[in-house]
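Asker: would you be able to build a 3D model of this:
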Amino acid sequence: MTTTPTPASPTSPTSALDAERIDLLAGLATARSALTNTVRGIGDEEAGQRPTVSTLCLGGLIKHVASVEEGWLRFVVDGPAAMRYDLPDGVTWDDLAAGTAREFPQWAIDHQNGFRMLPGETLAAILARYEEVAARSEEIIASVPDLSVRHALPEAPWHEPGAVRSVRGVLMHVIAETAQHAGHADILREALDGRKHETDRRIDRAVAPGTSHAAGGLL
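Answerer: Purely as a prediction, here's the structure:
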């Protein structure tokens, strides 16, 4: 089995940034690290396996989160034009939701494939791309004049009509999305080979019979 080391955090906020940007980028870096740590010590085969009843795999989750971050940071730069959800002629949102569309838009196909490790893809390449996305995110956030700058959200059923989102809101959304999927990845890794997050292992040791650890010192 070929193993792939987990890269160090791809971003490190610099002193040139204001305090709020440093905090937000640090929070995002922490969430990214929690996600990428779940693939420490595994290879391409394991990263593509689906060890639960869901269709999720570890490599696919990282691909998805990288695409989400990349898309939202494009939105910061280009506004709603960066996230268009056009449908083919004659296809409705109901058709798409029901899986009965005669033709599926490329963005929907790309979204579906973003959760999978496709033939020829490697975990090392997925992690390297995530590093590139993270570095670009920091460049964009450093260059934005004001985190309160807002853009209208693109038209889609999951967005309220007329809704807007600020740069600050984008970062908070990406942090939440990354942290959520890091939790999913923890479950997949434990189902794959029994490996738990370090915090979970410490809790297990603390509550095991005969131990005298105090819960207050765990976290």
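
Asker: show me where the protein has helices.
Answerer: 19-36, 44-48, 58-78, 93-98, 106-113, 123-143, 167-193, 198-207 (DSSP state H).

Asker: tell me which of these lies nearest to Arg150.
Answerer: helix 167-193 (7.8 Å; Cβ to Cβ). Using the backbone N, CA and C atoms, a C-beta is placed for each residue, glycine as well.

Asker: neighbours around Asp89, how many?
Answerer: 7 (other Cβ atoms under 10 Å).

Asker: again with Asp186
Answerer: With other Cβ under 10 Å as criterion, Asp186 counts 19.

Asker: turn the helices of the chain into a markdown table, including mean pLDDT.
Answerer: Output for these, formatted as a markdown table (pLDDT from 0 to 100):
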| stretch | mean pLDDT |
| --- | --- |
| helix 19-36 | 96 |
| helix 44-48 | 94 |
| helix 58-78 | 96 |
| helix 93-98 | 85 |
| helix 106-113 | 83 |
| helix 123-143 | 96 |
| helix 167-193 | 95 |
| helix 198-207 | 51 |
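
Asker: I'd like to know which of those lies nearest to Ala152.
Answerer: helix 58-78 (10.1 Å).

Asker: give the buried residues for that closest one.
Answerer: Across helix 58-78, burial judged by 16 or more other Cβ atoms under 10 Å covers 58-70, 72-73, 75-76.

Asker: do the same with stretch 45-62
Answerer: The neighbour-count check on stretch 45-62 (16+ other Cβ under 10 Å) flags 46-51, 56-62 as buried.

Asker: just give the closest residue to Glu46, not the sequence neighbours.
Answerer: Leu192 (6.0 Å; Cβ to Cβ, 6 or more residues apart in numbering).

Asker: cool, Val149 as well?
Answerer: Leaving aside its chain neighbours, Val149 sits nearest to Val167 (5.4 Å; criterion: Cβ to Cβ, 6+ apart).

Asker: hang on, the earlier thing: would you check which pair of the buried residues of stretch 45-62 lies furthest apart?
Answerer: Farthest-apart pair in these is Pro51 and Ile62; separation 15.5 Å (Cβ to Cβ).

Asker: quick one: residues in contact with stretch 18-26.
Answerer: 11, 13, 17, 137-138, 141-142, 147, 168, 171-172, 175 (Cβ atoms under 8 Å, 6 or more residues apart in numbering).

Asker: how about that stretch: buried residues?
Answerer: The neighbour-count check on stretch 18-26 (16+ other Cβ under 10 Å) flags 21-22, 24-26 as buried.

Asker: and those, which is closest to Gly90?
Answerer: Of all the buried residues of stretch 18-26, Leu24 has the smallest distance to Gly90: 42.5 Å, by Cβ to Cβ.

Asker: picking that back up, which of the helices of the chain sits closest to Pro157?
Answerer: helix 93-98 (5.4 Å).
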